[in-house]
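Q: Have a look; sequence and predicted model below, questions after that.
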Amino acid sequence: MTDNAVNIGLIGFGTIGSGVVETLNMNLPLIEEKVGRKVNLKKIVDLDIKTDRGVEVDPDILSVDVKEILDDPEIDIVIELIGGYQPALNFILEAMDKGKHVVTANKALLAKHWDEIMESSQENKVRVCFEASVGGGIPLLKPLNESLAANNIQSIYGIINGTANYILTKMDEESRDFEEVLKEAQEKGYAEQDPTFDIEGHDTAQKLIILAILGFGVYVEQEKFHVEGISSITLEDIEFAREELGCCIKLLAISRITDGELDLRVHPTLVNEKHLLSSVNDVFNGVYITGDVVGPVMMYGPGAGMMPTASAVVGDCISLIEENDRPAAYGPVKTRVTKIKDIHDIKSRYYLRITAIDKPGVLHEISGILSDLNISIESVSQKRREEGLEVPIFIVTHESLEKNMREALKRIDELDMVKDRTIFIRLL
């Protein structure tokens, strides 16, 4: 870095970029006091530099030419906030080739190109920081990588998508249907007009890849582990979970060691109301980590939004300034886990919602199929009786093998008296 001022270049002046500018406007004296140096936002690059972002910025530092950042030898830190794969990857690699440190919130890019980025970081003796990529404003990744470094991490359970969590929370608290709450989330800006990425678990999966790298030292492509969203969850499921089981439903990212294998998956999960994760509501995120030395640790806070995410981005810049002489904090994956557990080989308790014609013999047929596949029933409930009509049957099982459960559901759904695909949710 330069001897006096630390110069920063910002690529991407969208929502989070605007938050970074606002954070520097608010707290620059505090930041400079902490790092003991002048901090200067020297250049902001974006394709659109005309739209008013609602933050005070010197128009002379705005540009549409990224070369004004990448080719400027005085710029020490490059913040990448444009998202996506390209040109973000090229910008990051070129910045590092030119000796610049990088701060990014780009979870998708890290999840797909981790080794390439980290190899460049080590080769060029610069650092990449990405605290904002998982958990928004929550201090999570640096504590996981450093403060918990004395531990063999045993498990990580995370609620790390605010959109999905908001929808499930409102369904639970206000007894409203999925589609109604989704529409409200879109109107409030919590969900995109095409919400697929959030509600079907893909955003959560990308973040889980990063958590698995830091927690377990292994990189797993998303295509190699189970990812399931929340679009099939109904108000009936929510209400039964709460009233009969004392549980709430959360979209959970799971990463844990079982029998020497890494169990990695994303899916809706029934969480007991006594578990700390059950209290993570609305757009907030929470991550529950267990280490062999420290035991359980819970990290909670705002998982997205302009200012919480900007807080993490600027925090990374401060870390780079204070710790410039440190070697690269992260590197290519050095595999700690030798095998990834197949979803079919996990064991869990299960909640089933079976839509069937109400007539004698239905439960006998269903319980017979479960018994044939070594699945033991813990409880059965049928909320209403309307002989000859379709009714929901709720079943909770004891711990069973997933592949047996899937085969059982296949057979159950083939029964003439079963009129819709059976919904099943795993219990934590």
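A: Here it is on my side, so go on.
Q: Please, which helix or strand holds residue 310?
A: helix 306-322 (DSSP states H and E).
Q: tell me the pLDDT at the residue sitting furthest away from the middle of the chain?
A: For the chain, the residue at maximal distance from the C-alpha centroid (CA atoms, centre = their mean) is residue 360, at 44.9 Å. For residue 360, the pLDDT comes out at 86.
Q: before we move on, back to that, what's downstream of the helix holding residue 310, the next helix or strand?
A: Counting by DSSP H and E, what follows helix 306-322 is strand 347-348.
Q: mind listing the strands for the stretch 51-200 of the chain?
A: Counting by DSSP state E, counting those that start in this stretch, one finds strands in the stretch 51-200 of the chain at the ranges 62-63, 75-80, 101-104, 128-129, 153-159.
Q: got the domain boundaries for this protein?
A: Per automatic domain parsing, the domain ranges recorded for the chain read 6-136+308-322, 141-302, 345-427.
Q: can you put these in CSV and add distance to residue 330?
A: C-beta: built from backbone N, CA, C; applies to glycine. Compiled in CSV, the domains of the chain are given as follows (distance: least, CB to CB, whole Å):
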stretch, distance to residue 330
domain 6-136+308-322, 5
domain 141-302, 7
domain 345-427, 29
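Q: So for residue 329, which of these sits nearest?
A: Distance to residue 329, taken as CB to CB, is lowest for domain 6-136+308-322 among the domains of the chain, at 5.9 Å.
Q: pLDDT on the closest one, on average?
A: Averaged over domain 6-136+308-322, pLDDT sits at 96.
Q: can you give me the end-to-end distance of that domain?
A: Length of domain 6-136+308-322, first residue to last, CA to CA, to the nearest Å: 11 Å.
Q: Could you look up the next helix or strand downstream of the longest helix along the chain?
A: Across the chain, the longest stretch assigned as helix under DSSP state H is helix 15-35. Reading on from helix 15-35 to the C-terminus, the next helix or strand found by DSSP H and E is strand 39-45.
Q: Give me the residues contacting that next one.
A: Contact with strand 39-45 is made by 5-13, 17, 21, 24, 28, 31-32, 57, 61-66, 68-69, 72, 74-75, 317, 321, as judged by CB atoms under 8 Å, 6 or more residues apart in numbering.
Q: again, but for stretch 208-217
A: Here stretch 208-217 makes contact (CB under 8 Å, 6+ apart) with 107, 110-111, 114, 130, 133-134, 141, 144-145, 153, 156, 158, 160, 218-222, 225, 253-255, 257, 262, 264, 266, 287, 289, 330, 333-337.
Q: Could I get the contacting residues of the residue lying closest to residue 256 once chain neighbours are set aside?
A: In space, and not counting its chain neighbours, residue 256 is closest to residue 155: 3.6 Å by CB to CB, 6 or more residues apart in numbering. Shown in contact with residue 155 (CB under 8 Å, 6+ apart): 254-257, 288-290.
Q: and the longest helix of the chain, what does it pack onto?
A: Judged by 3 or more CB pairs under 8 Å, 6 or more residues apart in numbering; DSSP states H and E, the packing partners of helix 15-35 are strand 6-11, strand 39-45, helix 306-322.
Q: can you put these in JSON lines and add distance to residue 165 and mean neighbour count?
A: Output for the helices and strands packed on helix 15-35, formatted as JSON lines (distance: least, CB to CB, whole Å; neighbours: other CB atoms under 10 Å):
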{"stretch": "strand 6-11", "distance to residue 165": "29", "mean neighbour count": "25"}
{"stretch": "strand 39-45", "distance to residue 165": "32", "mean neighbour count": "22"}
{"stretch": "helix 306-322", "distance to residue 165": "14", "mean neighbour count": "22"}
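Q: With residue 86 as the reference, name the closest of the ones you listed.
A: Smallest distance to residue 86 across those (CB to CB): 13.0 Å, for strand 6-11.
Q: Listing partners with orientation, what would you give for the closest one?
A: Sheet partners assigned to strand 6-11 using DSSP bridges are listed as strand 39-45 (parallel), strand 75-80 (parallel).
Q: Distance to residue 299 for these - can I get that in JSON lines?
A: Shown next, in JSON lines, are the strands paired with strand 6-11 (distance: least, CB to CB, whole Å):
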{"stretch": "strand 39-45", "distance to residue 299": "27"}
{"stretch": "strand 75-80", "distance to residue 299": "23"}
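Q: now for those strands, which one comes closest to residue 231?
A: Among these, if distance is taken as CB to CB, the winner is strand 75-80, at 31.5 Å.
Q: Report the angle between that closest one and helix 15-35.
A: If you take axes from the mean of the first three to the mean of the last three CA atoms, to 10 degrees, strand 75-80 sits at 150 degrees to helix 15-35.
Q: What angle do helix 306-322 and strand 75-80 make with each other?
A: Strand 75-80 runs at 150 degrees relative to helix 306-322, counting by the same axes, to 10 degrees.
Q: please begin residue numbering at 6 from this point
A: Yep, numbering from 6; the last one is strand 80-85 now.
Q: Distance from strand 80-85 to the middle of the chain?
A: Distance of strand 80-85 from the chain centroid (CA atoms, centre = their mean, to the nearest Å) equals 25 Å.
Q: and the gap between the nearest residue to residue 205 once chain neighbours are set aside and residue 194?
A: Leaving aside its sequence neighbours, residue 205 sits nearest to residue 234 (CB to CB, 6+ apart; 3.4 Å). Distance of residue 234 to residue 194, given as CB to CB, to the nearest Å: 20 Å.
Q: if we can go back for a sec, centre of the chain to the longest helix of the chain, how far?
A: What separates the centre of helix 20-40 from the centre of its chain is 26 Å, taken as CA atoms, centre = their mean.
Q: likewise stretch 321-337?
A: That offset, for stretch 321-337, works out to 24 Å (CA atoms, centre = their mean).
Q: Need the contact partners of that stretch.
A: With CB under 8 Å, 6+ apart as the criterion, stretch 321-337 contacts 6, 11, 13, 36, 39-40, 42, 44, 82, 84, 106, 108, 119-120, 123-124, 126-127, 130-137, 147, 150-151, 219.
Q: sorry, back to before: quick one: the helices and strands packed on helix 20-40 as TSV, columns for distance to residue 176 too.
A: Shown next, in TSV, are these (distance: least, CB to CB, whole Å):
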stretch	distance to residue 176
strand 11-16	38
strand 44-50	40
helix 311-327	24
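Q: Good, wrapping up.
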